[in-house]
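Participant: My questions are about this predicted structure, shown below with the sequence.
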Amino acid sequence: MTETTTAPTAAEKHTALHEEHAALGASFTDFGGWQMPLKYGSELAEHRAVREAAGLFDLSHMGEIWATGPDAGALLDYALVGKLSAIPVGKAKYSLICATDGGIIDDLIVYRVSEDDFLVVPNAGNAPTVAAELEARLAAFEAARGAAAVTLRDASAETSLVAVQGPNAEAIVLAVVHPDDAAAVVGLKYYAAVELEAAGIPVLLARTGYTGEDGFELFVPNGRAAELWKALAAAGEGHGLIPCGLASRDSLRLEAGMPLYGNELSRERTPFAAGLGGVVALKSKEGDFVGRAALQAAKDDGEGATSGQRLVGLRGLGRRAARSHYPVLKDGVKVGEVTSGQPSPTLGYPVALAYIDVEHSAPGTRLDADLRGKAEPFEVVALPFYQRQK
Amino acid sequence: MSKVQTGLRYSEEHEWLDTAAAPAKVGVSQVAADALGDVVYLDLPEVGSEVTAGATCGEIESTKSVSDLYSPVTGTIVEVNQDAIDNPALVNEDPYGAGWLFAVEVSEEGPLLSAEEYASKNGGEL
């Protein structure tokens, strides 16, 4: 038997929680230049815990870049594809940073923490690129409009991020906040964030996640990350909380139909092909933004709708899973390629995301995945594969 | 640390061979099972088919990957473990016992390591 995946290598960067993971017996994997917990025991058990109870994740590899000042919103409107200046204080927005040709550099979440403070959270492996792009775009922005009242600060190296995800997440967070803040936690809407103390530690508490469940993400300075992690783990006892690694994070996000940069999203794809055209504010933004002309052209061409390829969900009709890069065939002819795929632990059948030629992308279309030379039947289905009962 | 069962012999590709059983039984080591992650599907050779030492004879699919299964011996398959096919988690839970994969009438063995050799090479625990 041989492993077809790459063996974990010694990544150079450790999070502030590395020793916690090692003490919990985690197996590690290299992700975006970081050594991250892949799983602590069974990744299926971790997946189920998040669907049925709660899971605790270390996401400290994610980037944190602050844009601060009266012109921060205007800068982000220019640098990203969305209208970030329209985010109300205390709310967040999913957005993309695109190249001038419309290709996706990264997907990210932008939180408006106060009137003049925006927190941009890119993916781990892209964080240095995004930080550099924002600086370059600030220079271009100032060249076009004159000096801007905004400063950028990359706080990735000093900020940890811990997530509690699952139906019991709210009860666990309530157990570590001051009773006076309980109403703020309960009332916190999806894609909203509030600054408060958790276990006596100042955090930015956001109701966001990447699992398809209710849950929270807590931004905390590195120096207090282990204390917060332990407090949440202790509060989770009796609520079924277990630590969860990146293996279950990947299977959870896949069931929820959420894209992963490097798999579904890349410089070779535009937001329209990725089904994220709604994130691009071509109408509501009056000024120019990086990628605007190319994105307008892609939209006018009907990319992802009437031309090119689009990202779709595939449901396996057999037992075998299709994996990233497997070809997808229609009557033996290649019509696309799988970007992510595995057996769905919750649904009990294989699921996959794939870019498919638009003429074969309608739900109900029967396709085959080429599983190392064997054709396995799949069907195009609407996303997400899994949606929690609210 | 992953357990390496004494009394068995092992291939470089992480299969174990138990020739104390009659017919001989084959499975995968716990080192391999732990590296694979949760096993969700087994594609095993058919009863009556011929397998060749060092050649692929099936696939093991886990949540994260598909891996080839190599036969440690040349011979004829006489039985496959239907319980493991029905419940692939047995490969993780009990790789040296209930998670065995197939039984084979051995005509020739491939190169094999002792448990001690395999453990020292792969970081397992006897």
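Facilitator: Alright, I've got the coordinates.
Participant: So what's the residue count around residue 126?
Facilitator: Defaulting to chain A. For A:N126, the count of nearby residues is 22 (other C-beta atoms under 10 Å in any protein chain shown). Backbone N, C-alpha and C define where each C-beta goes, glycine included.
Participant: oops, I was thinking of chain B
Facilitator: For B:L126, the neighbour count with other C-beta under 10 Å is 12.
Participant: And A:K13, by the same measure?
Facilitator: Neighbours around A:K13, by other C-beta under 10 Å: 15.
Participant: residues touching it, list them.
Facilitator: A:G33, A:W34, A:Q35, A:H61 (C-beta atoms under 8 Å, 6 or more residues apart in numbering or on different chains).
Participant: Which entry within the residues you listed corresponds to the minimum pLDDT?
Facilitator: Within the set of the contacts of A:K13, pLDDT is lowest for A:G33 (91).
Participant: any idea how far B:P23 lies from A:D181?
Facilitator: With the distance defined as C-beta to C-beta, to the nearest Å, B:P23 ends up 66 Å from A:D181.
Participant: Quick check on the closest residue to A:I201 other than its chain neighbours: phi, psi?
Facilitator: Spatially, and ignoring its direct neighbours in sequence, A:I201 is nearest to A:R224 (4.6 Å; C-beta to C-beta, 6 or more residues apart in numbering or on different chains). For A:R224, the backbone dihedrals (degrees, to the nearest 10) come out as phi -120, psi 10.
Participant: What of the one 10 residues further on?
Facilitator: The phi/psi pair for A:A234 (degrees, to the nearest 10) reads phi -70, psi -40.
Participant: State the mean pLDDT of the helix or strand where A:I97 lies.
Facilitator: In this assignment (DSSP states H and E), A:I97 forms part of strand A:92-98. Per-region confidence: strand A:92-98 scores 98 on mean pLDDT.
Participant: Might you enumerate the residues of chain B proximal to chain A?
Facilitator: B:13-15, B:28, B:32, B:34-38, B:40-41, B:60-61, B:63-70, B:92 (C-beta under 8 Å from any C-beta of the partner chain).
Participant: What separation is there between the closest residue in space to B:L8 that isn't next to it in sequence and chain A?
Facilitator: Ranked by C-beta to C-beta, 6+ apart and with sequence neighbours excluded, the top spatial neighbour of B:L8 is B:W16, at 4.4 Å. Remark: distance between B:W16 and chain A (C-beta to the nearest C-beta, to the nearest Å) = 10 Å.
Participant: starting at the chain centroid, how far to the helix or strand containing B:W16?
Facilitator: Applying DSSP H and E as the criterion places B:W16 in strand B:15-18. A distance of 6 Å separates the centroid of the chain from that of strand B:15-18, by C-alpha atoms, centre = their mean, to the nearest Å.
Participant: which residue does the stretch 251-390 of chain A bring closest to chain B?
Facilitator: Chain B sits closest to A:P343 of the stretch 251-390 of chain A, with a gap of 4.7 Å, by C-beta to the nearest C-beta.
Participant: Looking at strand pairing, list the partners for that residue.
Facilitator: Taking DSSP bridges as the rule, A:P343 bridges to A:P350.
Participant: Could I get the average pLDDT for stretch A:170-187?
Facilitator: pLDDT averaged over stretch A:170-187 gives 98.
Participant: If you drop the residues flanking it in sequence, what lies closest to the residue nearest the centre of chain B?
Facilitator: Nearest to the mean C-alpha position of chain B, by C-alpha atoms, centre = their mean, lies B:G27 at 2.2 Å. What sits nearest to B:G27 in space, not counting adjacent residues and going by C-beta to C-beta, 6+ apart, is B:W100, at 4.3 Å.
Participant: Confirm for me that that neighbour is in contact with B:A24.
Facilitator: No. Applying C-beta atoms under 8 Å as the test, B:W100 and B:A24 come out as separate, 10.5 Å apart.
Participant: Show me whatever sits in contact with both of those two.
Facilitator: Listed as contacting both B:W100 and B:A24 by C-beta under 8 Å, 6+ apart are B:D18.
Participant: re earlier: give me the subset of the contacts of A:K13 touching chain B.
Facilitator: Applying C-beta under 8 Å from any C-beta to the contacts of A:K13, none is adjacent to chain B.
Participant: buried subset of the residues you listed?
Facilitator: Taking 16 or more other C-beta atoms under 10 Å in any protein chain shown as the criterion, what is buried in those is A:W34, A:Q35, A:H61.
Participant: and the gap between the closest residue to the first one other than its chain neighbours and A:L84?
Facilitator: Distance criterion C-beta to C-beta, 6+ apart; nearest residue to A:W34, sequence neighbours excluded, is A:H61 at 4.0 Å. In this structure, A:H61 lies at 23 Å from A:L84, with C-beta to C-beta as the measure.
Participant: cool, and A:V335?
Facilitator: 36 Å.
Participant: got it, and B:T76?
Facilitator: Computed as C-beta to C-beta, the B:T76 to A:L84 distance reads 67 Å.
Participant: How about the residues of the stretch 101-250 of chain A by chain B?
Facilitator: Residues of the stretch 101-250 of chain A lying near chain B (C-beta under 8 Å from any C-beta): A:A247, A:D250.
Participant: How about the stretch 101-250 of chain A: which residue is closest to chain B?
Facilitator: The stretch 101-250 of chain A approaches chain B most closely through A:A247 (6.1 Å), counting by C-beta to the nearest C-beta.
Participant: show me where the stretch 51-200 of chain A has helices.
Facilitator: A:72-79, A:127-145, A:169-176, A:182-187 (DSSP state H, counting those that start in this stretch).
Participant: Determine which stretch of those is the most buried.
Facilitator: Mean neighbour counts were compared across these using mean count of other C-beta atoms under 10 Å in any protein chain shown; the top stretch is helix A:72-79, at a mean of 23.
Participant: wait, what's in contact with A:C244?
Facilitator: So A:C244 contacts A:K39, A:Y40, A:E46, A:H47, A:A49, A:V50, A:G55, A:L56, A:F57, A:Q165 (C-beta under 8 Å, 6+ apart).
Participant: What is the nearest of those to A:F28?
Facilitator: A:K39 (9.5 Å; C-beta to C-beta).
Participant: In chain B, mark out all the helices, start to finish.
Facilitator: Using DSSP state H, the helices of chain B run over residues B:30-36, B:82-86, B:89-93, B:115-122.
Participant: Dump those helices to CSV, plus mean pLDDT and mean neighbour count.
Facilitator: Converted to CSV, the helices of chain B look like this (pLDDT from 0 to 100; neighbours: other C-beta atoms under 10 Å in any protein chain shown):
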stretch, mean pLDDT, mean neighbour count
helix B:30-36, 92, 23
helix B:82-86, 96, 13
helix B:89-93, 96, 19
helix B:115-122, 94, 16
